[in-house]
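1. got a structure for you, letters missing:
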């Protein structure tokens, strides 16, 4: 029996995973796609955005949301049962697309496809890692080697880099294809520097392509035929233990370095002024990611907010439903120690 191809789409917070998948659904070319969406925060923003596509290639029934967690940490509890439900459907999908949380390690998820319940029916067609070109160019994932060596000297047990840099490297190292997103924000020289940085951590056969707002053809993302579950792709920590002669040691991936919280607001009077407030708040509190839905006073449409770093994107995606609560809901993600009270006060001022 021919196996169903599954594509894992990973990448750091705000890299453009949901935008890439929206384009993939729109240009499915007759394929029926089952979609698993995993988010770190309490509010399922990405899944709701994708449900609003209204495309027959991926209906609401084809979208499964796994919110408030990290799929790489809940393989047995969440991912395997979800896959079993998809595979038990009378009409099986032509392909499965899995959008990981921006804080997820793809390696444990890829290995989960070797579970007996999954391996006979599904293969990992490829791991696609999105890289935010502007974020890399701005040095968000760069490592201060002097500071790092000082930390290691003070703590013999420290064997890793900064949380952001390590996660960035792990997501790249697992990729069969790397998509440099938002490439229209940089010139060619800057993009070449970004790609040189990315290549430092890629496997030899990994391809790098550039993407702008209009996305990529589905033929580039699907059909990689990598059978990634058969490779031994190790995360940063796993490689460290392996090199030390300890064999493959499963790294317990936790998120103590990151945190998120959700907040609910009322109607917003001015969309432009609110976007400026988000930018100022993210800069002042070093927020990594902010996203959600906003109710604009006297507007029948729902405003989607997607913010990463200093950039805030907003657009109206659909009308509010008659039985829907029009409250504005946002999820805020950052490194541990976020000033939740200060952020809430700034956004509700």
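-> Yes, it's here. Nothing here was measured: the structure is a model prediction, and the numbers come from that model.

2. ok, and what's touching stretch 332-342?
-> 13, 40-41, 102-103, 163-164, 256-263, 285-290, 343 (CB atoms under 8 Å, 6 or more residues apart in numbering). All C-beta atoms are positioned from the backbone trio N, CA, C, and that covers glycine.

3. secondary structure element holding residue 290?
-> If you go by DSSP states H and E, residue 290 is part of strand 289-295.

4. how far does that strand sit from its chain's centre?
-> Between the centre of strand 289-295 and the centre of its host chain there is 16 Å, according to CA atoms, centre = their mean, to the nearest Å.

5. which strands or helices does that strand pack on?
-> Secondary-structure packing of strand 289-295 (3 or more CB pairs under 8 Å, 6 or more residues apart in numbering; DSSP states H and E): helix 45-51, helix 271-285, strand 301-308, strand 328-335.

6. hmm, who's touching that strand?
-> Under CB under 8 Å, 6+ apart, the answer for strand 289-295 is 13-14, 43, 45-46, 48, 102, 262, 265-268, 271, 274, 278, 281-282, 302-308, 314, 320, 326-334.

7. in the stretch 151-300 of the chain, which spans are strands?
-> Per DSSP state E, counting those that start in this stretch, the stretch 151-300 of the chain carries strands over the ranges 177-181, 207-210, 258-265, 289-295.

8. centroid residue for this structure?
-> residue 102 (3.3 Å; CA atoms, centre = their mean).

9. what about it, which SS state?
-> Assigned state for residue 102: coil (three-state reduction, DSSP: H, G, I helix; E, B strand; the rest coil).

10. would you check that it makes contact with residue 15?
-> Yes: Residue 102 is within contact range of residue 15, at 6.9 Å (criterion: CB atoms under 8 Å).

11. surely residue 297 touches residue 269?
-> Yes: using CB under 8 Å, residue 297 is in contact with residue 269, at 5.2 Å.

12. can you tell me the element residue 337 falls in?
-> Going by DSSP H and E, residue 337 is not in any helix or strand.

13. mean confidence for stretch 124-140?
-> Stretch 124-140 carries an average pLDDT of 90.

14. mind listing what's buried along it?
-> Neighbour counts using 16 or more other CB atoms under 10 Å place 124-137, 140 of stretch 124-140 among the buried residues.

15. end to end, how far does it reach?
-> 30 Å (CA to CA, to the nearest Å).

16. and what of stretch 211-220?
-> Stretch 211-220 has an end-to-end distance of 11 Å (CA to CA).
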